[in-house]
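Asker: here you go, sequence then predicted model.
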Amino acid sequence: MSRTTLAVLLALTLGCGGLDSPDLSTGQVQGRILGASAGAYVYPLGRPDLVVRAGAAGDFAYRLALPRGAHDLVLYDGGVRAERVPVEVEGAGLRTVADRRGEGAAGAAAKMPFAGAILAGVRAVGGALPLDPRLDVTGTDPGARLPLGTTTALFQPLPAGRYRLTAEMVGFVKGGADVDVVEGASTSYELDLLVDDDEAEKGCAATGGCESSALECEDDGLCHDADPSGSACAYTCDGGALCPAGLDCSGGQCLADRDCATYLSVAGTPCVSDDVCDDALHDGSCRRSSPEQPGYCTAPCQDAAQCAPFGAGWTCDGGLCAPPP
């Protein structure tokens, strides 16, 4: 080939834009969920904005373009089953994920694992009233968050695995913890938020007060007994008198397991597990109607008068203090 001919061919190639170079920074993943319901979806953990949703019930075929590297796909069959599937995306490549079988798939072959959940709660250390706390499970579909009152939320469906639970509230330091979700079960976890000493308005001053009217907010952002003598918990139990529920009779005096302020700030408040209740109340527990619902911190009682510190209208029901119906 002459130099002239080579030059002409090169010019023609350049004039036509040449051969397209593949994009090595991204690749594609495809797969199917057999027997899916209409609410099925797939997204990479950490990028719920890239979600692909099923248009109708049946065999759900999906395809996603993802950055090159390792990803965890969150697969949900739209019903009761969900799974995290690790994939390695190759630049300009196409990775096919083996078929997954949803609840509606025919046949006896193994189906996807059952989905789990996180029942999350947040509590302000120091007894502050909660003010619009924000709970989140990092990198998951925002639609999985179901608020249950002011301080609790249910995150479902979540495939089994480890997730980062976070909570934020004005006047407090952002809190977080790693929570392990178990297949087919609800995992309860309550985050404690510490007062943010760097804020101009901190703790209870930022949220508007304290959980109990017997407590008052002070400059440190914590709620303290309004009476320095501790009269709010100053009960005697000599002569057969009963202590308020959650206080322990010792040497004729009713005593809090920790201190009076902690007792008052926890008694009767929402909860998702026994830990906080038992720590603040003598024989305390979190009374819940189901694993997917929050409850309230309570303690054993024999009559309604023992439940007065828990709030107006509280009574003794089935041996435990209970809120008004």
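Answerer: Right, received. Where do you want to start? Residues are numbered from 1 along each chain as shown.
Asker: please, where are all the helices along this protein?
Answerer: 3-15, 204-207, 260-266, 274-280 (DSSP state H).
Asker: and the ones you listed, which one averages the lowest pLDDT?
Answerer: Mean pLDDT values for these show the minimum at helix 3-15, a mean of 46.
Asker: please parse the protein into its domains.
Answerer: 26-101, 116-193, 227-322 (automatic domain parsing).
Asker: dump these into TSV; add distance to residue 220 as well.
Answerer: Every residue, glycine included, has its C-beta placed from N, CA and C. Formatted as TSV, these follow (distance: least, C-beta to C-beta, whole Å):
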stretch	distance to residue 220
domain 26-101	38
domain 116-193	8
domain 227-322	12
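Asker: go through stretch 74-93 and flag the buried ones.
Answerer: The neighbour-count check on stretch 74-93 (16 or more other C-beta atoms under 10 Å) flags 74-85, 87, 89 as buried.
Asker: count of residues packed around residue 169?
Answerer: For residue 169, the number of neighbouring residues by other C-beta atoms under 10 Å comes to 25.
Asker: does it really touch residue 131, like I thought?
Answerer: Yes. In this structure residue 169 lies within contact range of residue 131 using C-beta atoms under 8 Å: 6.3 Å.
Asker: which neighbours do these two have in common?
Answerer: Overlap of the contact sets of residue 169 and residue 131 (by C-beta atoms under 8 Å, 6 or more residues apart in numbering) consists of residue 207.
Asker: re earlier: can I get the buried residues of stretch 74-93 in a markdown table with pLDDT?
Answerer: Listed next are the buried residues of stretch 74-93 as a markdown table, based on pLDDT from 0 to 100:
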| residue | pLDDT |
| --- | --- |
| 74 | 98 |
| 75 | 99 |
| 76 | 99 |
| 77 | 98 |
| 78 | 98 |
| 79 | 97 |
| 80 | 97 |
| 81 | 98 |
| 82 | 98 |
| 83 | 98 |
| 84 | 98 |
| 85 | 98 |
| 87 | 98 |
| 89 | 96 |
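Asker: surely residue 178 is in contact with residue 187?
Answerer: No. Residue 178 is beyond contact range of residue 187, at 11.3 Å (criterion: C-beta under 8 Å).
Asker: look up how far residue 87 lies from residue 32.
Answerer: Going from residue 32 to residue 87 by C-beta to C-beta, to the nearest Å gives 14 Å.
Asker: what does residue 274 give?
Answerer: Noted for residue 274: a distance of 39 Å to residue 87, by C-beta to C-beta.
Asker: and residue 121, what does it touch?
Answerer: By C-beta under 8 Å, 6+ apart, residue 121 lies in contact with 151, 152, 188, 189, 190, 191, 270, 271, 272, 273, 294.
Asker: for residue 26, same thing?
Answerer: Per C-beta under 8 Å, 6+ apart, neighbours of residue 26: 65, 66, 67, 68, 89, 91, 92.
Asker: apply 10 Å and report the result again.
Answerer: Neighbour list for residue 26: 65, 66, 67, 68, 69, 89, 90, 91, 92, 93 [criterion: C-beta atoms under 10 Å, 6 or more residues apart in numbering].
Asker: just the closest of the residues you listed to residue 310, please.
Answerer: Of all those, residue 66 has the smallest distance to residue 310: 51.6 Å, by C-beta to C-beta.
Asker: closest to residue 162 among the contacts of residue 26?
Answerer: residue 69 (19.1 Å).
Asker: what residues are bridge-paired with the closest one?
Answerer: Beta bridges link residue 69 to residue 89, judged by DSSP bridges.
Asker: in contact with it, which residues?
Answerer: 25, 26, 27, 87, 88, 89, 90, 91.
Asker: what is the nearest of those to residue 305?
Answerer: Using C-beta to C-beta, the contacts of residue 69 come closest to residue 305 at residue 87, 61.6 Å.
Asker: now the end-to-end length of stretch 241-256.
Answerer: For stretch 241-256, the first-to-last residue distance is 16 Å (C-alpha to C-alpha, to the nearest Å).
Asker: wait, I meant stretch 149-162
Answerer: First-to-last residue span, stretch 149-162, C-alpha to C-alpha: 25 Å.
Asker: what of stretch 218-236?
Answerer: Across stretch 218-236, first to last residue, C-alpha to C-alpha, it's 28 Å.
Asker: re the thing from before, determine which two of the contacts of residue 69 are furthest apart.
Answerer: Taking every pair in the contacts of residue 69 and measuring C-beta to C-beta, the maximum separation is 16.3 Å, between 25 and 87.
Asker: identify the residues contacting residue 255.
Answerer: Contacts of residue 255 (C-beta under 10 Å, 6+ apart): 233, 235, 237, 243, 247, 248, 249, 263, 282.
Asker: which of the residues you listed are buried? Put it as a PyMOL command.
Answerer: Selection of buried members from those for PyMOL, criterion 16+ other C-beta under 10 Å:
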select buried, resi 233+235+237+243+247+249+263+282
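Asker: can you name the residues bridging to the closest residue to residue 172 other than its chain neighbours?
Answerer: Distance criterion C-beta to C-beta, 6 or more residues apart in numbering; nearest residue to residue 172, sequence neighbours excluded, is residue 193 at 3.9 Å. On the basis of DSSP bridges, residue 193 is bridged to residue 124.
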